[in-house]
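[1] sharing a sequence plus its predicted fold:
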Amino acid sequence: MDKTRLGTTDVMVSPVCLGCMGFGEPGHGQHEWTLDYAQTKPIIQRALEAGINFFDTAPVYSDGDSEAFIGRALKELGAKRKDVVLATKFYPKPVENEQTTLAYIESCLDASLARLQTDYVDLYILHMWDYNTPIEETLEALDSLVKAKKIRHIGISNAYAWQVAMANTIAKERGLTPFVSIQGHYNLIFREEEREMIPCANFFGMVITPYSSLAGGRLARKKTVDTKRKELDSYARFKYDKTEEEDRKIIDEVEKIAGELCVSMASVSLAWLMAKGGSDRGRDQTGTDRGDESGDVFTVE
């Protein structure tokens, strides 16, 4: 699988990122439909064999099981650290937490590093906007951890375009490490990112790394097919049940095209996302050269 540059960074990744939210002991944490280690390891092995080198996880995925499974599998499979790109996340600091912002983020990072069995992560992502901590404090803390070589680059998820723009403007003005990636909800049946977030990414030369590329499986299976996730994933139902009737028209079209081409529905949905792209190539509007190999990455989970 050919590699693409992660935004303006020197990190080369597969255009498909393996999302690891589904890895973890069932019932441990927020999801009951996850895969235990015996089921997880072959998936990671197959991903590596297919040329996928980018893995996205978070400590909240099965209360750390996902990170631990990835670290263990990569070690047992003999993967070289330099050949894989690891992304994980951290939640905003709880109001009641009395640690400094730096101490809090570093404690979260250290716990993730231990589970992943590594001494650095390639991309550390603020899981959602922190409304209780000044963004300046968060950026300063992350910048310190980048300088300490525990983080290579930083990203952000689940934020508004104005927040991302404000953060990166502050980072530029203060000489701090900017966010290089935006991970938002984007797929064939949810395209809100096209309104403001993708233009924002274009302006700042950021890479788009969409999550839920298959809409919790809705864009990958026929309506009549039942799965454990379909039955138990209340989070996905919250996101999609209210628009099920409108979404069905698009999903039916995906099924029709897949039948005509004799491919899976997932292939059609992912091909659309890959062809659609997000960020412009080449030079962004701030004047930063993104490089000829710069492209978007989407997360499959």
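    Sure, I can see it.

[2] looks to me like L123 is in a strand.
    Yes: under DSSP: H, G, I helix; E, B strand; the rest coil, L123 falls within a strand.

[3] list the contacts of the spatially closest residue to it that is not a sequence neighbour.
    Excluding its sequence neighbours, the residue lying closest to L123 (Cβ to Cβ, 6 or more residues apart in numbering) is A87, at 3.9 Å. Bear in mind the C-beta positions are built from the backbone N, C-alpha and C, glycine included. Residues near A87 by Cβ atoms under 8 Å, 6 or more residues apart in numbering: 17, 54-57, 121-125, 155, 209.

[4] what ranges does the stretch 1-150 of the chain have for its helices?
    Listed in chain order, the helices of the stretch 1-150 of the chain (DSSP state H, counting those that start in this stretch) span 37-49, 65-76, 101-116, 135-147.

[5] dump those helices to CSV, plus mean pLDDT, mean neighbour count and distance to G27.
    Putting these into CSV (pLDDT from 0 to 100; neighbours: other Cβ atoms under 10 Å; distance: least, Cβ to Cβ, whole Å) gives the following:
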stretch, mean pLDDT, mean neighbour count, distance to G27
helix 37-49, 97, 16, 14
helix 65-76, 98, 22, 11
helix 101-116, 98, 18, 19
helix 135-147, 98, 19, 32
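
[6] how about JSON lines for the ones you listed, with distance to V13 added?
    Shown next, in JSON lines, are the helices of the stretch 1-150 of the chain (distance: least, Cβ to Cβ, whole Å):
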{"stretch": "helix 37-49", "distance to V13": "12"}
{"stretch": "helix 65-76", "distance to V13": "15"}
{"stretch": "helix 101-116", "distance to V13": "17"}
{"stretch": "helix 135-147", "distance to V13": "18"}
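
[7] doesn't P15 make contact with M274?
    Yes: the pair M274 and P15 passes the contact test of Cβ atoms under 8 Å, sitting 6.5 Å apart.

[8] elements contacting the helix or strand V268 falls within?
    Here V268, judged by DSSP states H and E, is contained in helix 265-276. Packing partners of helix 265-276 (3 or more Cβ pairs under 8 Å, 6 or more residues apart in numbering; DSSP states H and E): helix 244-261, strand 298-300.

[9] measure Y160 to K93 for me?
    20 Å (Cβ to Cβ, to the nearest Å).

[10] again with G51
    According to Cβ to Cβ, G51 and K93 sit 37 Å apart.

[11] so which of the two has more stuff around it?
    K93 (21 against 12; other Cβ atoms under 10 Å).

[12] against T138, how distant is the nearest residue to the more buried one once chain neighbours are set aside?
    Once flanking residues are discounted, K93 sits nearest to Y104: 4.6 Å by Cβ to Cβ, 6+ apart. For Y104, the distance to T138 equals 10 Å [Cβ to Cβ].
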